[in-house]
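Participant: kindly return the folded structure for what I paste below:
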Amino acid sequence: DESQALYERVREKLIYRYPLISVGWLNHQTPLIEWTQPNAELAAKNLIDLGATALVFMPIGFATENHETLLDVDHIIHGLRRRHPEVTYVQMPCVNDHPDFLQMAANWADGQIADLLEAEALAVNPSRAIALAQSHADYPHHGHSHRR
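Facilitator: Residues are numbered from 1 along each chain as shown. Down below sits the predicted model:
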């Protein structure tokens with residue numbers, strides 16, 4: 001899935017500098033649903049058990065994180081901090097307001113917009129379109145009429 005692929009690509013860039021790196025899925029606390037594992041809390045616990053003394057929570061699953069996601073991560077960090085106060089916790093900001101991300105998104109959209117502006121324009125005469133639509137509505141079809 002695309003979230004896993006994104007995580008793997010980010011991990012490839014960081015793994016040699018930071019060998020204790022793990023995905024932690026931000027799952028809702030809904031019973032009877034098998035969510036992707038490990039969840040963020042379990043991933044953090046596993047890293048602490050492996051000797052991590054600092055954890056960085058990086059929201060990469062969505063380009064624009066919403067307030068609920070940030071509150072969920074904050075809640076997880078507070079729970080972990082109560083059990084492991086010796087660990088440093090960092091909650092990274094969302095990417096959606098970072099200048100590099102904004103420039104990348106603008107560059108991505110720019111090509112699409114330029115292509116649309118260069119496309120041949122189609123002019124529509126509204127009164128002709130209405131007359132044409134009405135003329136097609138007045139024909140019999142399979143034994144019944146489409147007349148209004």
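Participant: for the nearest residue to F101 once chain neighbours are set aside, give its distance to L32.
Facilitator: The shortest distance from F101 to any non-neighbouring residue, by Cβ to Cβ, 6 or more residues apart in numbering, is to V95 (4.7 Å). In short, each C-beta sits where N, CA and C put it, glycine included. Computed as Cβ to Cβ, to the nearest Å, the V95 to L32 distance reads 33 Å.
Participant: quick revisit: and the residue nearest to F101, what pLDDT?
Facilitator: V95 is assigned a pLDDT of 77 by the prediction.
Participant: wait, it sits on I60?
Facilitator: Yes: the pair V95 / I60 is scored as a contact, 7.4 Å apart, by Cβ atoms under 8 Å.
Participant: mutual contacts of the two, please.
Facilitator: The contact sets of V95 and I60 do not overlap (Cβ atoms under 8 Å, 6 or more residues apart in numbering).
Participant: okay, V95 and L32: which has more neighbours?
Facilitator: For the pair V95 and L32, the greater number of neighbours falls to V95 (18 against 4), based on other Cβ atoms under 10 Å.
Participant: that one and L6, how far apart?
Facilitator: Distance check for V95 against L6: by Cβ to Cβ, it reads 11 Å.
Participant: equivalent analysis for R128, please.
Facilitator: In this view, R128 and L6 are 48 Å apart by Cβ to Cβ.
Participant: which one of the two is surrounded by more residues?
Facilitator: Neighbour comparison, R128 and L6: the larger count goes to L6, with 15 against 9 (by other Cβ under 10 Å).
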